[in-house]
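[1] fold the following.
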Amino acid sequence: MDIYRRDLHLLRGFEGEHIAFDVASSRVIYLNEIAYRILGLGPVLTKNSIIESLKDAYTRDSLTDAIDELIKSSILSEFPPTVVSFEKVDPNTVACGGISFNVSHNCNMRCGYCFGGGGSYNGPAVNMPLSVLRAGIDYFFKNRENTKNGCINFFGGEPFLNWEVMREGIKYAQKMADDKDVAVTFTITTNGTLITNPMLEFLNKFDVKLVFSLDGPIDIHDRERKFRDGTGTYNAVEKNILSTLKYPNIAVQIRPTITSHSCGRIDEIFAHFRKLGVDRVHMAPECAYGSRPGLSQEEYGLFEEGLENLTKNMLDALDRHEYWGALNILKFLNMIYCGILHRYYCGAGVSVVSVSPDGSIYPCPRFTGIESFLLGNIFSGIKKEKQKVFFDNDVQSRSDCSDCWARYVCGGGCSYMHWKTDPTLKRNDSNWCDWTRKCIELAIQAYAKLQEKGQDRIKEYFARYMPFLDDFPDSLYISKVISNRER
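    Residues are numbered from 1 along each chain as shown. Okay, the predicted model is just below:
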């Protein structure tokens with residue numbers, strides 16, 4: 001009789017522990033050596049084949065006992081593993097969980113790797129009128145029914161070049177949220193050079209999160225991120241980050257772009273941010289743009305090594321009651337802890353959209369200005385047929401994802417990164433996928449280490465880090481939460 005193994009990914013912990021990750025439930029399972037060896041034989045087995053394969057290493061009785069224990073715990077079964085299913089997504093009723101406004105297609109900087117054509121997305125340098133921003137906010141609230149929270153992000157270019165409009169938009173959106181008794185969070189992604197104390201006083205009143213683009217110490221940052229006259233921007237950004245940290249209601253996050261010149265300095269970069277007083281960091285690899293190819297496979301490998309060291313140091317810090325870590329790992333850690341399975345990577349084009357200064361709607365800021373990804377206009381609405389490519393491009397529809405053990409944690413990956421590999425969005429960026437799998441493996445290994453420290457430490461850790469979940473708002477239309485019974 002055939003015995004079926006649950007859909008598992010087997011790996012070793014940081015100290016050689018035997019671990020299985022259950023793909024269908026995001027459950028992390030500790031194993032002894034004999035169970036690990038048995039499960040590593042394949043997805044479909046028989047008792048006789050197991051015993052025959054491992055008879056030189058273990059006695060027949062010990063193998064039989066181990067098989068029986070695995071069957072008792074439902075890791076092995078006479079039935080094939082349950083297939084994950086998501087509720088059908090109706091494009092006509094899907095809620096808008098997040099919206100991003102490119103309030104300025106202009107920038108006071110010229111970064112070497114900018115995907116936005118110097119901030120104007122290869123178009124005219126313009127700012128968003130208040131009428132467009134208000135119409136977009138109206139659209140957001142009208143289309144977010146049945147969602148418990150939502151996120152409004154201000155992007156650019158450099159959004160602080162259109163400060164007055166952005167300020168009025170925040171006031172308008174908050175009043176609408178209060179009137180409707182719903183929760184909304186505000187985020188501004190900024191190069192950090194134009195912020196003043198009066199601006200910070202306003203943002204502090206509305207609990208706005210600021211995401212600063214800072215690549216690391218001055219020699220790393222100023223290599224790519226320069227003012228238009230070619231001078232470095234590090235000193236201006238650092239000064240404004242330190243000023244922002246004085247305001248208790250402003251959450252500060254740093255987003256460094258990791259390039260071929262910085263991929264081997266991850267520990268140093270994160271240590272620099274911690275020295276500044278920031279421990280919310282989301283590191284992103286440079287993607288291909290123009291003549292720049294993005295990171296090579298070898299450079300991604302250096303990036304991964306740095307993240308692994310960073311994760312180990314994060315766990316060591318727990319014994320000193322220090323709580324910090326890279327969002328690249330914490331995002332996946334939280335998903336594993338909460339049992340969240342993703343159908344889409346981020347909901348771009350499905351439950352999240354981006355609005356350009358003239359009101360044009362795109363799946364996300366990175367697709368801005370690309371005619372084939374124009375979804376509609378904020379005044380006339382979205383053309384549902386234009387969204388179809390994103391609704392149909394979920395993780396269960398992607399051939400490159402079908403056999404990937406990380407698919408439900410990843411959700412299929414960044415559409416823009418994949419588009420750079422294949423304009424049809426049918427193939428994945430293999431380097432990006434390998435890097436993402438490594439991040440998820442690090443999260444699994446970290447979770448196993450937390451389990452080793454006991455349930456009280458796990459609860460304490462995630463109680464500290466639950467606010468990080470706000471950085472990745474999900475709609476029930478794109479995710480599934482595993483119940484205690486299923487886990």
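
[2] contact partners of whichever strand or helix holds H9?
    Using DSSP states H and E, H9 maps to strand 8-12. With contact meaning CB atoms under 8 Å, 6 or more residues apart in numbering, strand 8-12 is reached by 18-23, 29, 36, 39-40, 75, 405-406, 441, 444-445. Placement of C-beta: from N, CA and C, glycine included.

[3] weed out the non-buried ones from these.
    Neighbour-count burial (16 or more other CB atoms under 10 Å) applied to the contacts of strand 8-12 gives 18-23, 29, 36, 39, 75, 405-406, 441, 444-445.

[4] now, which of those residues sits nearest N328?
    Closest approach between the buried ones among the contacts of strand 8-12 and N328, by CB to CB: E441, at 11.9 Å.

[5] quick one: secondary structure of that closest one?
    Of the three states, E441 takes helix according to DSSP: H, G, I helix; E, B strand; the rest coil.

[6] and it, what pLDDT?
    E441 is assigned a pLDDT of 98 by the prediction.

[7] ditto for L375
    Reading off the model, L375 has pLDDT 95.

[8] buried ones in stretch 416-432?
    Those would be Y416, M417, H418, W419, K420, T421, L425, N428, D429, N431, W432, for stretch 416-432 by 16+ other CB under 10 Å.

[9] filter the contacts of strand 8-12 down to the ones in helices?
    Under the assignment DSSP state H, the contacts of strand 8-12 contribute Y36, L39, E441, I444, Q445 to helices.

[10] tell me which residues of stretch 72-90 come out buried.
    I75, L76, S77, P81, V84, F86, V89.

[11] including secondary structure, could those go into a markdown table?
    Formatted as a markdown table, the buried residues of stretch 72-90 follow (three-state DSSP):
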| residue | secondary structure |
| --- | --- |
| I75 | coil |
| L76 | strand |
| S77 | strand |
| P81 | coil |
| V84 | coil |
| F86 | coil |
| V89 | coil |
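
[12] show me which pair in these is furthest apart.
    L76 and V89 (33.5 Å).

[13] ok, back up a step: tell me the one of the ones in helices among the contacts of strand 8-12 nearest R343?
    Nearest to R343 among the ones in helices among the contacts of strand 8-12, with distances taken as CB to CB, is I444, at 20.2 Å.

[14] how about the nearest residue to the closest one, chain neighbours excluded?
    F21 (5.1 Å; CB to CB, 6 or more residues apart in numbering).

[15] run through the bridge partners of that neighbour.
    Counting by DSSP bridges, F21 forms beta bridges with H9, V28.

[16] now do the same contact list for it.
    L8, H9, L10, L11, R27, V28, I29, W405, I444.

[17] care to break this structure down by domain?
    Domain assignment for the chain by automatic domain parsing gives 3-77, 98-336+351-385, 390-481.

[18] only alpha carbons, please: show stretch 89-106 as CSV.
    The C-alpha trace of stretch 89-106 is given here as CSV (Å, rounded to 0.1, in the frame of the first residue of the first chain):
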residue,chain,number,x,y,z
VAL,A,89,-11.7,36.1,-6.7
ASP,A,90,-14.5,38.1,-8.3
PRO,A,91,-12.8,41.1,-10.0
ASN,A,92,-16.1,43.0,-9.7
THR,A,93,-16.2,42.9,-5.9
VAL,A,94,-12.5,42.7,-4.8
ALA,A,95,-11.7,45.3,-2.2
CYS,A,96,-9.0,47.9,-2.5
GLY,A,97,-6.7,47.1,0.5
GLY,A,98,-4.0,49.7,-0.4
ILE,A,99,-3.5,52.6,-2.8
SER,A,100,-0.3,54.4,-3.7
PHE,A,101,-0.2,58.0,-5.0
ASN,A,102,2.7,59.3,-7.1
VAL,A,103,2.0,62.8,-5.9
SER,A,104,5.1,64.1,-7.7
HIS,A,105,6.7,63.0,-10.9
ASN,A,106,9.7,65.1,-10.1
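
[19] now do the buried residues in that stretch.
    89, 94-106.

[20] in helices only, show me these.
    In helices, judged by DSSP H, none of these are found.

[21] can you list those residues in TSV and add distance to G169 and pLDDT?
    Shown next, in TSV, are the buried residues of stretch 89-106 (distance: CB to CB, whole Å; pLDDT from 0 to 100):
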residue	distance to G169	pLDDT
V89	29	74
V94	24	77
A95	21	74
C96	16	81
G97	18	82
G98	15	89
I99	11	94
S100	12	96
F101	7	97
N102	12	97
V103	7	98
S104	12	98
H105	16	97
N106	17	97
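
[22] where does pLDDT dip in the chain?
    145-147, 455, 457, 463-487 (pLDDT under 70).

[23] report the contact partners of L302.
    Counted by CB under 8 Å, 6+ apart, L302 has contacts C263, G264, I266.

[24] mind doing that once more with 10 Å?
    I258, S260, S262, C263, G264, R265, I266, L295, S296 (CB atoms under 10 Å, 6 or more residues apart in numbering).

[25] could you check how far it is from C263?
    4 Å (CB to CB, to the nearest Å).

[26] give me the common contacts of those two.
    The overlap between the contact sets of L302 and C263 (CB under 10 Å, 6+ apart) consists of L295, S296.

[27] now distance to R280 too, for the buried residues of stretch 89-106, in CSV please.
    As requested, the buried residues of stretch 89-106 are exported to CSV (distance: CB to CB, whole Å):
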residue, distance to R280
V89, 31
V94, 29
A95, 26
C96, 25
G97, 21
G98, 18
I99, 22
S100, 19
F101, 22
N102, 23
V103, 23
S104, 24
H105, 27
N106, 27
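
[28] identify, from those residues, the entry nearest to M314.
    The closest of these, once distances to M314 are taken by CB to CB, is G98, at 27.3 Å.

[29] just checking, that closest one touches S354?
    Yes. Applying CB atoms under 10 Å, one finds G98 in contact with S354, separated by 9.4 Å.

[30] just the buried residues out of the contacts of L302, in PyMOL syntax.
    Selection of buried members from these for PyMOL, criterion 16+ other CB under 10 Å:
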select buried, resi 258+260+262+263+265+266+295
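
[31] need the contacts of L302 in TSV with distance to A173, can you?
    Putting these into TSV (distance: CB to CB, whole Å) gives the following:
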residue	distance to A173
I258	33
S260	39
S262	36
C263	38
G264	42
R265	39
I266	36
L295	37
S296	42
